[in-house]
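Trainee: quick one: sequence and predicted model below, then my questions.
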Amino acid sequence: MDLDFSANFIVKGKFSIDNFPTEYEGKLSKDDAKKMLDKEKEKLSELQERLYSDGSKSILIVLQAMDAAGKDSLIKHVFGGVNPQGCEVTSFKAPSSKEYAHDFLWRHYIALPEKGKIGIFNRSHYESVLVCKVHPEYNLNEKVWKSTDDFDNEFWKNRYESIRNFEKTLTENGTTIIKMFLNVSQKEQKKRLLERIDETNKNWKFSVGDLPERELWSKYMAVYEEAINETSEDYAPWYVIPADHKWFTRVAAIQIIIDALEKMDLQYPKLSAKDKAGLQEAKRQLESE
């Protein structure tokens, strides 16, 4: 059973979204995946503690997907066991007027994880080359652009370059970046959207705005393909994970994250001889009480 999800789903070379499956095609069963997830969550918790105590590095996890692909549930099920002091989730909605008054990366800079912490971007700076490319009129809210005529190939080329530079700077300063595209099929999205309508406890998740976006599916697939091709680098790779089965998406994602944390060579702080002597003295005092 081949369970090297990091190797299986990393984007290497020319990326074609049609060549990446939306369904898991291996032999791992749903029950085995749930058992694996529980075991891996324990490992993730220990690695997060080591990251926090090391205090010299951080990790940024970028989640991108179409609506109803399972980003929120992935965060809940994968990170539910980590110490909340060392993990922060930022969900990026439409920019505020203040955020529009800055460059498109500004609000993402200020949400980056501190050293020793895990940061999760639920949607991210990639919205500026995804939804903003499908709907170029959204860019008119940025004060520097005055006409849709400005959104030519050179405009998007510069945005991709800005993103690559942003991510390169982060990695050169101790942040490991993992970017995941949850690859859900249009058929499965339809099923999940209908569940949001039919099941009362899921009604709050449904937005009528999801339907017009769904009609633009082919355009979104094209811009995702281009963005991934433009920005999947060795220092900040993209992983395209089948997302038609949430149980599989979760276990694949947690393994990819654990693999990245293990490669960071995180160490618990080593005490000096003086500090060790202080511990022994503290122990002696406590035991003598």
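Mentor: Everything's here; your move. In this text the structure is predicted, and so the values were computed from the model without any measurement. Residues are numbered from 1 along each chain as shown.

Trainee: count the residues that sit near the nearest residue to residue 128 once chain neighbours are set aside.
Mentor: Excluding its sequence neighbours, the residue lying closest to residue 128 (CB to CB, 6 or more residues apart in numbering) is residue 104, at 4.5 Å. Quick note: C-beta positions are derived from backbone N, CA and C, even for glycine. Around residue 104 there are 19 other residues, counting by other CB atoms under 10 Å.

Trainee: the strands in this protein, which residues?
Mentor: 58-65, 87-91, 118-122, 175-183, 238-242 (DSSP state E).

Trainee: so for the third one, mean pLDDT?
Mentor: Think strand 118-122. When pLDDT is averaged along strand 118-122, the result is 98.

Trainee: list the pairing partners of that strand within its sheet, with orientation.
Mentor: strand 58-65 (parallel), strand 87-91 (parallel) (DSSP bridges).

Trainee: top helix in the chain by residue count?
Mentor: Longest helix of the chain, by residue count under DSSP state H: helix 30-54.

Trainee: so what touches it?
Mentor: 28, 57-59, 77-83, 85-87, 116-118, 245, 247-248, 250-251, 254-255, 257-258, 261-262, 264, 266-269 (CB atoms under 8 Å, 6 or more residues apart in numbering).

Trainee: out of those, which are buried?
Mentor: 28, 57-59, 77-79, 82, 86-87, 116-118, 245, 247-248, 250-251, 254-255, 257-258, 261, 264, 266 (16 or more other CB atoms under 10 Å).

Trainee: would you map the helices across this protein?
Mentor: Here the chain has its helices, by DSSP H, at 5-9, 30-54, 71-79, 97-100, 106-109, 131-134, 153-172, 186-198, 210-214, 217-231, 246-263, 273-287.

Trainee: where does the stretch 101-250 of the chain dip in pLDDT?
Mentor: Within the stretch 101-250 of the chain, the ranges that satisfy pLDDT under 70 run 143-148.

Trainee: ok, 90 please
Mentor: Along the stretch 101-250 of the chain, the model assigns pLDDT under 90 to residues 101, 136-153, 155, 205-210.

Trainee: show me the beta-bridge partners of the most centrally placed residue in the chain.
Mentor: Centroid-nearest residue in the chain: residue 62, 2.3 Å away (criterion: CA atoms, centre = their mean). Beta bridges link residue 62 to residue 121, residue 179 when assigned by DSSP bridges.

Trainee: is it true that it touches residue 124?
Mentor: Yes. Contact between residue 62 and residue 124 holds when scored by CB atoms under 8 Å: they sit 4.7 Å apart.

Trainee: circling back: how about the residue nearest to the centre of the chain, what does it touch?
Mentor: 121, 124, 126, 177, 178, 179, 180.

Trainee: and the closest residue to residue 14 other than its chain neighbours, how far from residue 37?
Mentor: Nearest in space to residue 14, with sequence neighbours left out and distances taken as CB to CB, 6+ apart, is residue 229 at 6.8 Å. Residue 229 sits 31 Å away from residue 37, going by CB to CB, to the nearest Å.

Trainee: of those two, which one has the most company?
Mentor: A direct count of neighbours by other CB under 10 Å for residue 229 and residue 37 places residue 37 higher, at 20 against 16.

Trainee: the more buried one and residue 253, how far apart?
Mentor: Distance from residue 37 to residue 253, by CB to CB: 10 Å.

Trainee: check residue 98 too.
Mentor: From residue 98 to residue 253 the distance is 32 Å (CB to CB).

Trainee: how about residue 188?
Mentor: In this view, residue 188 and residue 253 are 17 Å apart by CB to CB.

Trainee: neighbour count: the two, which is higher?
Mentor: Shown here are residue 188 and residue 253; by other CB under 10 Å, residue 253 has more neighbours (28 against 19).

Trainee: okay, the more buried one: pLDDT?
Mentor: With respect to pLDDT, residue 253 scores 97.

Trainee: I'd guessed it sits against residue 240; true?
Mentor: No. In this structure residue 253 lies outside contact range of residue 240 using CB under 8 Å: 11.6 Å.
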